[in-house]
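**Q** need coordinates for the below:
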Amino acid sequence: MYAYTDRIREIARRLLSEGRVDVVIGYRKGTVPFMNEPFAARTPEQADRLWWDSFCGVNLANYLPRRTDRVGVVVKGCDSRNVVVQILENQIPRDRLYLIGAPCGGMLDRRRIAAELGGKDALAAEEKNGRVLVQGRGFEVDLDRNALLQENCSICIHRNPVIYDELAAELIQEQVNVDRYADVRQVEAMSPESRWDHFEQLIRPCIRCYACRNACPQCYCPTCFVDESAPQWVGKTLDPTDTRTFHFLRAYHLAGRCTDCGACERACPVGIKVRQFTKKLEKDVKELYGYEVGLSLEERPPLDTFKPGDPESFIM
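**A** Next up is the predicted model:
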């Protein structure tokens, strides 16, 4: 994946030199291991700071809504699907974007690496032949890359960008025969009381920092429902009712719009499995409407349109 870096820099320098875009949004190497940062290159010289490896997990589509400049942006499969939804929802015109496609073999989970290190401080990581060599002061650890993937990446079936203007590398083979909803079915099989307890325990550590909302490329309402004061939909306290209301309402707001990019779980400072909410609704939307999010600019999300033949069995 390091070979992407030179190609992304080359594309960015050309686009900026020719004046085809005002900015190229990509990644730069982070100041701490396993944490690369979003970076906006505005000159051909700044393009040399762009970087790519398996720690570029931040979804760059989050930086696109309501922009008025011409933007080049590096997009993985999930990023590109979020861009499709943003275009459909009139957040940014397609002709203002230059999409640099980055076929993705999956991003690595820094929390899983930290768990493998058992408290040791890492200084660097290098990938080669399906292995990850993590180095620190006085130690080296050789780890299996597949065991370190983010959970959403391990079950991703759209690793290639669905729309792009130019590719940073050749398209890769998509994963097949992947069971995306095994964990959802386990929860569905519980009794109502057990399901209630499951979600109560899931969100108990929540500190209501809204990092999951802020990291989500589809949370771009001018005023979020948690910030409304007239009417006030949800309180500002850590009362369990307010916390529960936030998570359930946010999940329903993303029904038919979430691409399972994992941005919410990456951002959560207390490690809540936020995707447990959105994956259930993803499964329901797929089963009810046969719809997968962000695969086509020709098909709108099912919950923002009306068709006479839509299922209505849930309407009381």
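**Q** any idea how far Pro161 is from Ala41?
**A** Here the criterion is Cβ to Cβ, to the nearest Å. By it, Ala41 lies 19 Å from Pro161. Where you see a C-beta, it was placed from the backbone N, CA and C, and this is true even at glycine.
**Q** and for Met107?
**A** Separation of Met107 from Pro161 (Cβ to Cβ): 15 Å.
**Q** and if you look at Glu89?
**A** From Glu89 to Pro161 the distance is 19 Å (Cβ to Cβ).
**Q** which one's more surrounded, the two?
**A** The neighbour comparison of Glu89 against Pro161 (other Cβ atoms under 10 Å) goes to Pro161, with 26 against 15.
**Q** let me know the pLDDT of that one.
**A** Looking at Pro161, its pLDDT is 98.
**Q** in which helix or strand would I find it?
**A** Here Pro161, judged by DSSP states H and E, is contained in no helix and no strand.
**Q** three-state assignment of Gln135?
**A** Secondary structure state of Gln135, per DSSP: H, G, I helix; E, B strand; the rest coil, is strand.
**Q** partners of the worst-scoring helix or strand of the chain on mean pLDDT, with directions?
**A** Least confident helix or strand of the chain, by mean pLDDT, DSSP states H and E, is strand 122-128 with a mean of 88. Strands flanking strand 122-128 in the sheet, each with its direction: strand 131-136 (antiparallel) (DSSP bridges).
**Q** show me what the strand it pairs with is in contact with.
**A** Residues from elsewhere that reach strand 131-136 (Cβ atoms under 8 Å, 6 or more residues apart in numbering): 54, 108, 113, 116-117, 120-127, 140-145, 148.
**Q** just the buried ones among the residues you listed, please.
**A** Neighbour-count burial (16 or more other Cβ atoms under 10 Å) applied to the contacts of strand 131-136 gives Ser54, Leu108, Ile113, Glu116, Ala122, Ala125, Glu127, Val141, Leu143, Arg145, Leu148.
**Q** can you read off the backbone torsions of the second one?
**A** The phi and psi torsions at Leu108 (degrees, to the nearest 10) take the values phi -90, psi 150.
**Q** show me the contacts for the closest residue to it other than its chain neighbours.
**A** Of all residues not flanking Leu108 in the chain, Ser54 sits nearest, at 4.5 Å (Cβ to Cβ, 6 or more residues apart in numbering). Ser54 makes contact with Met1, Gly105, Gly106, Met107, Leu108, Glu127, Val132, Arg145, according to Cβ under 8 Å, 6+ apart.
**Q** so can I have JSON lines of the residues you listed showing distance to Phe246?
**A** Output for the contacts of Ser54, formatted as JSON lines (distance: Cβ to Cβ, whole Å):
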{"residue": "Met1", "distance to Phe246": "36"}
{"residue": "Gly105", "distance to Phe246": "34"}
{"residue": "Gly106", "distance to Phe246": "29"}
{"residue": "Met107", "distance to Phe246": "26"}
{"residue": "Leu108", "distance to Phe246": "29"}
{"residue": "Glu127", "distance to Phe246": "37"}
{"residue": "Val132", "distance to Phe246": "35"}
{"residue": "Arg145", "distance to Phe246": "35"}
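**Q** ok, so of those, who is nearest Leu16?
**A** Checking the contacts of Ser54 against Leu16 with Cβ to Cβ, the nearest one is Met1 at 23.2 Å.
**Q** so the residue nearest in space to the middle of the chain: helix, strand or coil?
**A** The residue lying closest to the centre of the chain (Cα atoms, centre = their mean) is Cys261, at 2.7 Å. Here Cys261 is recorded as coil under three-state DSSP.
**Q** hmm, it is touching Asn59, no?
**A** Yes. Cys261 lies in contact with Asn59 (Cβ atoms under 8 Å); the separation is 4.8 Å.
**Q** quick check: buried residues in stretch 198-211?
**A** Using 16+ other Cβ under 10 Å as the burial criterion, the residues of stretch 198-211 that qualify are Leu202, Ile203, Cys206, Arg208, Tyr210, Ala211.
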